[in-house]
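Enquirer: Mind looking at a prediction? Sequence and model below.
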Amino acid sequence: TQLLEQSPQFLSIQEGENLTVYCNSSSVFSSLQWYRQEPGEGPVLLVTVVTGGEVKKLKRLTFQFGDARKDSSLHITAAQPGDTGLYLCAGVYSSASKIIFGSGTRLSIRP
Amino acid sequence: GAGVSQTPSNKVTEKGKYVELRCDPISGHTALYWYRQSLGQGPEFLIYFQGTGAADDSGLPNDRFFAVRPEGSVSTLKIQRTERGDSAVYLCASSPGTGVPYEQYFGPGTRLTVT
């Protein structure tokens, strides 16, 4: 059972469009991470958000952690074909012993 | 520098057999994690080591699964009496244990197929 729900599961958009991916949970996390995974490879960390309400920007990617530290969003501006991949959010418990991944959003950018 | 490596990259075994999957973490990383990823899903936590000890093994699905890290570096995930439902990609990740909260570096995974 996934404690972190991501939406949408699949997203196919045209190059240059904007998109937002959501990650929701009923659990409170000490921090939340976003990863990107390509076929045949392990996930690669994009960002860690720690404080409720925190916003981090990484070039065209904007990450937000909800005030209650239960949800997060990833916004991509002017999507490019290189953004294609599986985007995963992961909730970190304060003990740091367990990290729970969401179900993932598979993003496809059409040229 | 060398990243996390996992061997074998692919393993096909028959139902009921025993398998071992190996993970070589980044040198100096004290934390090591095992995950299982089924098709179309996110990674599912299995076990976490801090040094040589299993700090949290609550994700292991049953007693057929066992993992060791005897010298605090290389880890082996062992699966006894494999079942078709064990088919998945098994991912290993290591972490320095300090710095950016719990930043994990993943290996490419071992794809296990049980026939």
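Expert: Noted; the coordinates are in hand.

Enquirer: residues of stretch A:89-96 that come out buried?
Expert: Residues of stretch A:89-96 classed as buried under the neighbour-count rule (16 or more other Cβ atoms under 10 Å in any protein chain shown) are A:89, A:90, A:91, A:92, A:93, A:96. From N, CA and C alone the C-beta is placed, and that goes for glycine too.

Enquirer: what does chain B put close to chain A?
Expert: Residues of chain B lying close to chain A by Cβ under 8 Å from any Cβ of the partner chain are B:4, B:33, B:35, B:40-45, B:48, B:50, B:55-56, B:58-59, B:91, B:93, B:100-109.

Enquirer: out of those, which are buried?
Expert: Buried among these by 16+ other Cβ under 10 Å: B:4, B:33, B:35, B:41-45, B:48, B:50, B:56, B:59, B:91, B:93, B:102-109.

Enquirer: Would you quantify the distance from residue A:26 to chain B?
Expert: From residue A:26 across to chain B, the span is 17 Å (Cβ to the nearest Cβ, to the nearest Å).

Enquirer: how many neighbours does that residue have?
Expert: Burial measure for residue A:26: 9 neighbouring residues, criterion other Cβ atoms under 10 Å in any protein chain shown.

Enquirer: Tell me the gap between stretch A:98-111 and the middle of its chain.
Expert: Put simply, stretch A:98-111 sits 7 Å off its chain's centre (Cα atoms, centre = their mean, to the nearest Å).

Enquirer: Equivalent analysis for stretch A:54-67, please.
Expert: Worked out by Cα atoms, centre = their mean, stretch A:54-67 lies 10 Å from the chain centre.

Enquirer: Other residues contacting it?
Expert: Residues from elsewhere that reach stretch A:54-67, judged by Cβ atoms under 8 Å, 6 or more residues apart in numbering or on different chains: A:31-32, A:34, A:46-47, A:49-53, A:71-80.

Enquirer: per-residue pLDDT, residue 8?
Expert: Just so you know, I chose chain A. With respect to pLDDT, residue A:8 scores 96.

Enquirer: hm, I was asking about chain B
Expert: So, for residue B:8, pLDDT stands at 97.

Enquirer: Assign residue A:82 to helix, strand or coil.
Expert: The three-state assignment at residue A:82 reads helix, by DSSP: H, G, I helix; E, B strand; the rest coil.

Enquirer: The residue in chain A that chain B sits nearest to: neighbouring residues, count only.
Expert: Nearest to chain B, among the residues of chain A, is residue A:42, at 2.7 Å (Cβ to the nearest Cβ). Look at residue A:42: counted by other Cβ under 10 Å, it has 23 neighbours.
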